[in-house]
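# fold the following and give me the result.
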Amino acid sequence: MKRSQIDIIKCALIATVIFTLILISVYVYRFHHGLSHNHNDFADFGSYLGSITGLLAFIGVLYTIKDSQINRQIDNERSTFYNLLRLYQHQVDINKYTDHQVEKTGIEAFKAYAHEARSLFHAYVIYHFIKDGEEFPSELTQIGKLDEQVFQEIYTKFGVHSTTELNALLRNRDPQYYYDTIYEIKDIIMTSKLHDMYRIITASICNRICTEKRYQQLYTFIRNIGDYLYGQYGQYLGQYHRNIYYLLDSIQNFKYPNDYSKIFRAQLSSDELTVILFNSMSSQSTLKTISLLKKFDIFNNIIALDLPISGYDTEKDIVMQTISSLFHEFITDSTNK
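The predicted structure follows:
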């Protein structure tokens, strides 16, 4: 039983007690502390009592009708929600990802989407780190010759032997090859056995970005990746994201929206949350989408280790603060257009 229903019952009981006390008071006042010997007095009091109880009965009927309407509304909302939830699950199941002619579907497809998105995020962060000539964070220089160990694959791809040479190459490269260069780095990271080391490097660089509050730069990376995912896989992911938007937009008008949002959040895997986060910053997103995602705290369970946007800090409050800052950048960007 809902708390609101319990409160209504309590109020009804209190009202009944008060009404009973009023009737007793009226009776005492009317008959002067004793029973009347005049039958007409009893008749008059009975008529008075009958009119009051009739009014209460009418109020009771109105309440029953209203309660029935509320219950019917709740049943309809529950039915609507679970129908939308089935549509969402259907969208998850039919999603496809093809890699080297190997097709993945459902949750496995989202794992592949998320892996590519995270690899592309690492590529953006590392590309700009090298091109902008930033120094390695102190904690990384303590790991002997980390750039030579991890970046050797990138050096080989671009025909250089050091970060300094790669910096010069990237700075002099035609800007029209900007995205092509990043995608090349992304392909290296995706298939690398040192993928976790790239994640550690990205976390360290993001730690500096967040400390210096360069959220606009971080937002640009994520927005570009969201656009990339939609451009590559929009025929599947487009319906998936629209279904989530419609589900959240519908339940916000329900009587108990937070109850339903918790059920929905429980269905989202870490890989899905990664894909949703990138899409939320993309050109396909809207201010209404951001509002719904914030309202229902959709990223409550995102795993920071998978996507180190907050750097080394994986505390939930810090991660959510970073996401909130990214949302702010999106809102500012959308408002200025």
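
# which element is the spatially closest residue to Val150 that is not a sequence neighbour on?
With sequence-adjacent residues excluded and distances taken as CB to CB, 6 or more residues apart in numbering, Val150 is closest to Met197, at 4.8 Å. Where C-beta positions appear, they are placed from N, C-alpha and C, glycine not excepted. Here Met197 sits within helix 195-211, counting by DSSP states H and E.

# what comes up buried for the next helix-or-strand element following that helix?
Next along the chain after helix 195-211, taking DSSP H and E as the criterion, comes helix 215-251. Neighbour counts over helix 215-251 (16 or more other CB atoms under 10 Å) mark 215, 217-230, 233, 236-237, 240-241, 243-245, 247-248, 250-251 as buried.

# walk me through the domains of the chain.
The record's domain parsing of the chain by automatic domain parsing lists 1-30, 53-86, 111-194, 213-337.

# can I get these in JSON lines with mean pLDDT and distance to Thr105?
JSON lines is the format used below for the domains of the chain (pLDDT from 0 to 100; distance: least, CB to CB, whole Å):
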{"stretch": "domain 1-30", "mean pLDDT": "61", "distance to Thr105": "40"}
{"stretch": "domain 53-86", "mean pLDDT": "78", "distance to Thr105": "17"}
{"stretch": "domain 111-194", "mean pLDDT": "87", "distance to Thr105": "10"}
{"stretch": "domain 213-337", "mean pLDDT": "92", "distance to Thr105": "10"}
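
# any chance of the ones you listed in a markdown table, plus distance to Thr98?
Output for the domains of the chain, formatted as a markdown table (distance: least, CB to CB, whole Å):
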| stretch | distance to Thr98 |
| --- | --- |
| domain 1-30 | 48 |
| domain 53-86 | 26 |
| domain 111-194 | 9 |
| domain 213-337 | 10 |
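
# go through these and name the closest to His100.
His100 lies closest to domain 111-194 among the domains of the chain, at 10.2 Å (CB to CB).

# quote the end-to-end distance of the closest one.
18 Å (CA to CA, to the nearest Å).

# for stretch 264-271, same thing?
Stretch 264-271 end-to-end distance (CA to CA) = 15 Å.

# now that stretch: how far from the chain's centre is it?
9 Å (CA atoms, centre = their mean, to the nearest Å).

# can we start the residue count at 11 from this point?
With the count now opening at 11, the last piece we talked about shows up as stretch 274-281.

# thanks again, I'm all set now.
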